[in-house]
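Enquirer: Could you look at this predicted model? Sequence included:
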Amino acid sequence: MASDLYFADEFPHDNPDLFQVRAPNLALDLLAGVAVMEDHEEEIEIEIVEEFDDFVFESPKPPPVVAEVLAVLQESHVPVPVPVPVPDLQPEPVAEAPTDITNPFETYLSTLAVVALEAGASRAVVDLLPQILGAARLDVQGIDDATVEALVTAKLLSRTDTGAVARNDSLVTIAMAWKSAMAGEEPDFSLCTRMLDEWSADIVASLAAVPQRSDSIRRELRSRGVAAFGLLAA
């Protein structure tokens, strides 16, 4: 069949001999192959379609070791680990001791004020006691002249060269020495020529204008904690 097959050239030309050229065997084989493909064209197309229809795109699989671990966790129902918060290792602040401690000297002044009022001293005079002993600024406004003169005479107050009313410096110095002793310090006791209860009794008796009652007032002060060298513990 292949030896008897002739064909003309595809392209236009002016060589009539080319119309009688014998087709090479290769060309015949190609023609035969095309014919076979045309006979099976429908079948080939169906098979190709079926192959693409059956193709499934799968997601990447985890590595074998990871997959095995996940499988074991799922079978044993191991819960998902929850992050544990890191504890705060900062030490808790230590509660400070209360600083509201009664001032011993204030307690002493309060005791003298109560005893002076009981002895008959006026409120205006008793209010001057912290000022007389140097615990507050001296202010004698509102005090009548007769009372001021009585306090100056009792040496609880003094007058300057200009006639102004002032504290008695010697009295204030002794009071500050006893204040240091009550605070636990080491004062100069050479300034304190008398016991605390005796010295305090004279001050209270002068405030109440009853110097003759100094001894009984001293006993009253001792019963309230005013001792010879300070305050007795409650």
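Expert: Received the coordinates, thanks.
Enquirer: what about residue 149, distance to residue 156?
Expert: For residue 149, the distance to residue 156 (CB to CB, to the nearest Å) stands at 11 Å. Every C-beta, even on glycine, is put in place using the N, C-alpha and C of the backbone.
Enquirer: Sketch out the strands for this protein, chain order is fine.
Expert: Counting by DSSP state E, the chain has strands at residues 157-159, 165-167.
Enquirer: Put together TSV for those, with mean pLDDT, mean neighbour count and distance to residue 216 on each row.
Expert: Formatted as TSV, those follow (pLDDT from 0 to 100; neighbours: other CB atoms under 10 Å; distance: least, CB to CB, whole Å):
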stretch	mean pLDDT	mean neighbour count	distance to residue 216
strand 157-159	96	16	25
strand 165-167	96	16	27
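Enquirer: Could you dump those strands into TSV and include distance to residue 224?
Expert: TSV is the format used below for those (distance: least, CB to CB, whole Å):
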stretch	distance to residue 224
strand 157-159	25
strand 165-167	25
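Enquirer: Now do the same contact list for the nearest residue to residue 135 once chain neighbours are set aside.
Expert: In space, residue 135 comes closest to residue 109 once its chain neighbours are excluded; the distance is 6.5 Å by CB to CB, 6 or more residues apart in numbering. By CB atoms under 8 Å, 6 or more residues apart in numbering, the contact set of residue 109 is 129, 130, 133, 135.
Enquirer: Now for the third one: which residues touch it?
Expert: Which is residue 133. Residue 133 touches 109, 171, 172, 175, 203, counting by CB under 8 Å, 6+ apart.
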